[in-house]
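Visitor: for reference, the sequence and a predicted model appear below.
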Amino acid sequence: MKSVLELQNAKAAALKKVVLRKGKAVLDKNVTSDYKYTVLVCGGTGCTSSHSPEIVEKLKSEIKAQGAEKDVQVIMTGCFGLCALGPIMIVYPEGCFYSMVDINNIPRIVSEHLVGGKPVASLLYDETVGADGEIKPLNETDFYKKQIRVALRNCGVIDPEDIEEYYAMDGYAALAKVLTEYTPEDVIKVITDSGLRGRGGGGFPTGRKWALTAPNKADQKYVVCNADEGDPGAFMDRSVLEGDPHCLIEAMAIAGYAIGATKGYVYVRAEYPIAVNRLQKAIDDARAAGILGKNIFGSDFAFDLEIRLGAGAFVCGEETALMTSIEGNRGEPRPRPPYPAVKGLYGRPTVENNVETFANVPQIILNGAAWFAGMSTEKSKGTKVFALGGKIKHTGLVEIPMGTTLREIIDEIGGGIPNGKHFKAAQTGGPSGGCIPASLIDTAVDYDNLISLGCMMGSGGLIVMDEDTCMVDMAKFFLEFTVDESCGKCTPCRVGTRRLLEILEKITAGKGTLEDLDTLEALCVYIKENSLCGLGQTAPNPVLSTLKFFRDEYVAHVVDKVCPAGVCKSMTNFVIDKDKCIGCGKCAKNCPADAIFKTDYVAPGHKLPSYEIDKNKCIKCGACVAGCKFGAISKK
Amino acid sequence: MLKKMSNLPFNGTKEQEEKLLAVIAENKHDKSRLMAVMQEAQGIYGYLPLEVQKMIADGMEVSLEKVYGVATFYAQFSLAPQGQYHISVCLGTACYVKGAGLLYDKLQQLLGIGGDECTPDRKFSLTACRCIGACGLAPVLTVNEEVYGRLSENDVEGILAKCE
Amino acid sequence: MDMINVKVNGIAVSVPKGATILEAARAAGVEIPTLCYMKEKNEIGACRICVVEATGARGLVTACVYPCTDGMEIKTNTPKVRAARKTTLELILSTHNKNCLSCSRSTNCELQKLCYEYGVDSTAFGGFKPIYKLDTSTPHLVRDNNKCILCRRCVAACEEQFVSVIGANNRGIDTCIGQAYNLALGDTPCISCGQCTAVCPTGALVEKDDTDKVWAALADTSKHVIVQTAPSIRATLGECFDMPIGTNVEGKMVAALRRLGFEKVFDTNTAADFTIVEEATELLDRVKNGGALPLITSCSPGWVKFCEYYYPEMLPHLSSCKSPQQMGGALIKTYYAEKMGWDAKDVFVVSIMPCTAKKFEVGRDDMSAAGDGIADVDVALTTRELARMIQRAGIKFTALPDEDFDPALGVDTGAAVIFGATGGVMEAALRTANDVLTGKDNKEIDFKEVRGTAGIKEAEYNIAGINVRVAVASGTANAKILMDKIKSGEANYTFVEIMGCPGGCVNGGGQPIQPQYVRDTVDLKAERAKALYAQDEAMAVRKSHQNPIVKEVYENYFKGEYGCHAAHHALHTSYVAREKYAK
């Protein structure tokens, strides 16, 4: 692209591709689609795993077979967010939302809806169909209505492999604007004024990071994108890469212009093949379009990007470790200072942000700092993407304004806890974070509130737990993760986290003492204060946080030798209610340890004698509970 | 993290070697691409035995110990061959709370191997992995590229039976 | 230089901008413990023992890498700091083999010293502890990962040598220092330089102790047990007895060796003079007859092994002269044995060397002047092992009188003395070449351009109309630079001296252990070398060819010129190209 005009023309030409989806009112009244229908099928990792590519193939062949090729446009997009309902597809202009699409129903959808013009109400997501059979747009469902999509705005909307669709959505307009109208200082000022903070963990102000890097002189500077999303349960960065890769390219180029860097690296987890392929295609297309390369939009600015693949090390999410890894080494962190702003990748000044942070940048440039800062709490501006997981009805990806309460997230957006269970706690920030107990469910979620609770935003994983979750076991689970992922460089993390885990193992095995709780706490504080990098410094958080809010559970484990949630096997006993037991003997057959035997007792109303469990033989595998249809076996 | 080493003999072919040498030639100018070369090498051979690491060290002009240090740091690199069917059980948080651990135990029991091991007939290998992002389908496992979701322990045998 | 002002425990000091807290503390006379830190070599902030509190910093910071800011107030001795350091030590101990009583580094262990100072509870933490097998696969050292604290100083030392056969493997609690694929160290291209053993803070890397073999020989009345000592030992042995660095203890060393029961105490310096006349002859021969130039010295077995592994194509450039150690052994078992009427089989030669690679060298092929597979040298001990023998024998070293070497092979020259420092062999050779080529006894014999501790030194001399371009390198990483320059044709030297260890033998891998804070603050290479240059300065005879023993042996034993057949047979050897990782 040699000029802004060229981009504007490209956009104008591309509008008809997306007009059915966005509506004429939003775009341009004079634009008309070549098609009657646009069918969007989710091609995110979740839906791809549920065979959405096969659905696309089937759709295309069926549409062809039914002679509707010229009327229907089928597009595979990035993630819609509602992963629990995958595979997902939406039909425009109505916006009909088909969930858990069965490939066998495709012919019917094509004939009735895409050819016949009548949505198949029985196959639509139930929440979008009113009692009167009226079909609601997707944005009005509980899951979507409180969401505001900035970082995810194109995810599930455009074809991520088509640069023209990105143009149609104002793509690269922000880059064109800064290159033709802004000085680098102007760019940094807008980002600073917007209040954007890093979305990957610590929440460092993005504008300040750029401002610290810009003045440092060097023969080469770098922009690095951290796409090594490693928190278990978090996948927002992947969704952006899969659903809107050009947005990242645009943002990184803007950052490059702001700090004076001509080279960028995107460090992506190798476990994200779809994201990598789409990003690579986007980079190739952007290069071909002259958006990466020299003299971008006729300016003097040059910028190019390279993808580097991670290889499975959580610690590489730490910025210095990530850079060490890009340099081709073991991904061990380096002490800071010097900070990357001064001495980063290859010893040169470097800005590093994560995917979600970058994804906000073009919108901030186009809509202004005030617009972004408007959606906010005092110190946390804009929106945040969360990956909802665990014991919640709508697992998936949501983007909500900062300051939304946990209650809104869980009960309204997430649809509450399934199976009539109760909310016990939410875990944020993954292995670096902590939990928020049910008593604090009205907490407004933003950086500072979470930190004051001993949690952290992290990259935005939000795992919901019900009463069946043992908090000590949960802390142990996260510690196991950290111990496994510790790089082994510094003593506190290498040895200290292992010792923490061993104490937790002792407690969950029913061998803990009250003194162990003191040691645990002291060691946690020591590790936080003495570790080399963020991984070690935050590793004790899951323990400290559960100790703070669920100390009684720890005490129950060490004093009463009871696991209140019935999770810790050594403290759990399986008991057969002899009056409920009909004597079918299935449990005894299922028992791998031959621990279940027949008694002489026949319960009133039953014909056969009931069974009993020999505690000494029982290995607490739970096979008996799983197999009992009569609910006669329970954990005590 | 300790990697299991294999004592199965190296059986690389001339074609594989040529492919690797081509990859090395392409990346040699930039030592920071060592990991990328190792990733490609693992793609070619399925794992990184000593013989392959030596070729990489010589080609990239770095010490063999450096290659090995990198190989044993990142979970993705394997020192043992993978089976024809490589089963990977996600033990991410979402999957874990939904019982992925039980799936993993069951697989070990059925296959008679531990984690990160390969059956003697090289048919199955088993590993646990971090979140693959299919949390909506938890618990999940993958067999080669195929993802199986919303599983229970009882589904495991059926999945193995499909691998013929 | 921009200076900033900081306070360390209330003591005001002015330090250059960019100085670390550790540097400021040292300037203020406050000691901060370190374990992983090696100035300019290993600044990784990993062990966390040096944590301090500082204004403007969040929580505790590592003094070794954290830069001072103007007005910073640093506190190194608060309850929080002491508690943190204590826990760090206790965590280290939880994975440490605590067999301190039988560890060769006991009382000279940086970890042990800190544990004592911080009053640690060595049983504070139990739990999982990886168990490692001892690696005894090389002739020169023993690696015991059970004593490793993962400071990675050895890795930095190995990398500094451009060898990098050891490094960090695995991760998390399983992280360990080791070789690729857990190969034995002896199956890797380790050059045996022993620099790793000199920097290890604990007993994880120690020289292979051969003192028992020597004790056994000394007790064997059928053997004539002869000892020779390398040029640099006299400048370093005193450190093992708390004498100041750079003290020349030649006389006490000889006295101690005699008291240990060695029948004769000889000086490897004498052999070094033989090395010079043979090597100078080889050089002149190559210059005149068009041999492979530059000629490169071969005194340093670490360097020779490096060349064999990493630059096998350069082997024709190596001087075929044996090293002084091997020449010394060869002369003892041939010339001297014959003179004494001894059977070479009954002679047991022990050499005291600054070097662990000498342990490898004594076992090399083509090192048998006496024939019949009789090794020129039976055992090479490091300075450290000798010190232990002296201690065990109950000899009060500092109270010993000064004694002289046995004269038969114990008369030396200033030229030989300076062999122990980088540039010394070159200077000694130049002194002889200058006399030989000009045909006179030159008085101007200091070649100062090749002195000093710089890693690479270059000079050009015009000797009797011949232009001699020389280069001196110490440390194999510098050797690599020179080799690459020579191979590419960028440099065109006549004669090159290479020592495997940075600074030469005074800084050899077998020299006394100095704790890291000493290594950070004292230039060991320079201080130890000073003692040698001072001795050279003070000597009457300072040129190798003027050594009366050299004259005597060539006239009466070899019965020929330098480089004659007999001399060649006894004093030269050969090299082999080695495959880095033999299949």
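Guide: Cool, got the structure.
Visitor: now do the SS call for the residue lying farthest from the centre of chain B.
Guide: For chain B, the largest distance from the centre (CA atoms, centre = their mean) belongs to residue B:29, which lies 27.6 Å off. Three-state assignment for residue B:29 (DSSP: H, G, I helix; E, B strand; the rest coil): coil.
Visitor: against residue B:37, how distant is it?
Guide: 12 Å (CB to CB, to the nearest Å). Glycine gets a C-beta too; all of them are placed from N, C-alpha and C.
Visitor: check residue B:153 too.
Guide: Counting by CB to CB, the gap from residue B:153 to residue B:37 is 40 Å.
Visitor: repeat for residue A:266
Guide: Taking CB to CB, one finds residue A:266 at 19 Å from residue B:37.
Visitor: how about residue A:554?
Guide: In terms of CB to CB, residue A:554 sits 48 Å off from residue B:37.
Visitor: show me what contacts the spatially most central residue of chain B?
Guide: Nearest to the geometric centre of chain B sits residue B:78, at 5.3 Å (CA atoms, centre = their mean). When contacts are counted by CB atoms under 8 Å, 6 or more residues apart in numbering or on different chains, residue B:78 touches B:3, B:42, B:46, B:47, B:48, B:116.
Visitor: can you narrow these down to the ones near chain C?
Guide: residue B:3 (CB under 8 Å from any CB of the partner chain).
Visitor: care to break chain A down by domain?
Guide: Listed by automatic domain parsing, the domain ranges of chain A are A:35-141, A:163-372, A:383-469, A:472-560, A:573-635.
Visitor: and the longest one with chain C, contact?
Guide: Yes - when contact is scored as CB under 8 Å from any CB, part of domain A:163-372 falls within range of chain C: A:313, A:330, A:332, A:334, A:335, A:337, A:338.
Visitor: and the furthest pair within those residues?
Guide: Across those, no pair lies farther apart than A:313 and A:337, at 23.4 Å, counting by CB to CB.
Visitor: next SSE after the lowest-mean-pLDDT helix or strand in chain B?
Guide: Counting by mean pLDDT, DSSP states H and E, the weakest-scoring helix or strand in chain B turns out to be helix B:93-97, with a mean of 71. Counting by DSSP states H and E, the element after helix B:93-97 in chain order, helix or strand, is helix B:100-111.
Visitor: pLDDT of the very next helix or strand once past that following helix, averaged?
Guide: Once the chain leaves helix B:100-111, the next helix or strand it forms, by DSSP H and E, is strand B:117-118. The average pLDDT within strand B:117-118 is 86.
Visitor: show me what strand B:117-118 is packed against.
Guide: strand B:124-129 (3 or more CB pairs under 8 Å, 6 or more residues apart in numbering or on different chains; DSSP states H and E).
Visitor: alpha carbons only: can I get the strand it packs on in CSV?
Guide: The C-alpha trace of strand B:124-129 is given here as CSV (Å, rounded to 0.1, in the frame of the first residue of the first chain):
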residue,chain,number,x,y,z
PHE,B,124,1.1,-46.4,21.1
SER,B,125,2.9,-43.7,23.0
LEU,B,126,1.3,-41.7,25.9
THR,B,127,1.9,-38.3,27.4
ALA,B,128,0.1,-35.7,29.4
CYS,B,129,0.0,-32.2,28.1
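Visitor: from the chain's centroid, how far away is it?
Guide: Relative to its chain's centre, strand B:124-129 lies at 7 Å (CA atoms, centre = their mean, to the nearest Å).
Visitor: repeat for stretch C:228-247
Guide: 12 Å.
Visitor: and the gap between residue C:524 and residue C:508?
Guide: From residue C:524 to residue C:508 the distance is 11 Å (CB to CB).
Visitor: the more surrounded of those two?
Guide: Neighbours per residue (other CB atoms under 10 Å in any protein chain shown) separate residue C:524 from residue C:508, with residue C:508 holding more: 32 against 22.
Visitor: identify the residues contacting that one.
Guide: Contacts for residue C:508 (CB under 8 Å, 6+ apart) come out as C:193, C:194, C:198, C:232, C:353, C:354, C:355, C:356, C:382, C:383, C:501.
Visitor: swap in 7 Å and give it another go.
Guide: Going by CB atoms under 7 Å, 6 or more residues apart in numbering or on different chains, residue C:508 touches C:232, C:354, C:355, C:501.
Visitor: of all pairs in these, which one is the farthest apart?
Guide: Greatest spatial distance among the contacts of residue C:508 (CB to CB): C:232 and C:501, at 10.2 Å.
Visitor: quick one: name the residues of the stretch 151-300 of chain C near chain A.
Guide: C:168, C:171, C:172, C:173, C:175 (CB under 7 Å from any CB of the partner chain).
Visitor: among these, which two are most distant?
Guide: C:168 and C:173 (12.9 Å).
Visitor: who in chain C is up against chain B?
Guide: Residues of chain C lying close to chain B by CB under 7 Å from any CB are C:164-172, C:174, C:179-181, C:581.
Visitor: look up phi and psi at residue B:146.
Guide: When read as degrees, to the nearest 10, the backbone of residue B:146 gives phi -70, psi 130.
Visitor: which parts of chain B are helices?
Guide: Listed in chain order, the helices of chain B (DSSP state H) span B:14-27, B:34-45, B:50-60, B:64-71, B:93-97, B:100-111, B:156-162.
Visitor: show me what the fourth one is packed up against.
Guide: Meaning helix B:64-71. Packed against helix B:64-71, as judged by 3 or more CB pairs under 7 Å, 6 or more residues apart in numbering or on different chains; DSSP states H and E, are the following elements: helix B:34-45, helix B:50-60, strand C:167-169.
Visitor: check contacts around the nearest residue in space to residue A:446 that is not next to it in sequence.
Guide: If the residues on either side of it in the chain are set aside, residue A:446 comes closest to residue A:380, at 3.5 Å by CB to CB, 6 or more residues apart in numbering or on different chains. Shown in contact with residue A:380 (CB under 7 Å, 6+ apart): A:197, A:402, A:403, A:446, A:447, A:448.
Visitor: let's have the residues you listed in TSV, adding neighbour count, distance to residue A:348 and pLDDT.
Guide: Formatted as TSV, those follow (neighbours: other CB atoms under 10 Å in any protein chain shown; distance: CB to CB, whole Å; pLDDT from 0 to 100):
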residue	neighbour count	distance to residue A:348	pLDDT
A:197	25	24	93
A:402	23	33	90
A:403	18	38	90
A:446	22	34	89
A:447	20	29	88
A:448	15	33	88
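Visitor: select from those residues every entry located in helices.
Guide: Within these, residues falling in helices by DSSP H are A:447, A:448.
Visitor: quick check: the farthest pair among the contacts of residue A:380?
Guide: Most distant of the contacts of residue A:380, by CB to CB, are A:197 and A:403, 13.5 Å apart.
Visitor: for residue C:312, which non-adjacent residue is closest in space?
Guide: Distance criterion CB to CB, 6+ apart; nearest residue to residue C:312, sequence neighbours excluded, is residue C:577 at 3.4 Å.
Visitor: repeat that for residue C:550.
Guide: residue C:273 (5.2 Å).
Visitor: next, the one you found: secondary structure please.
Guide: helix.
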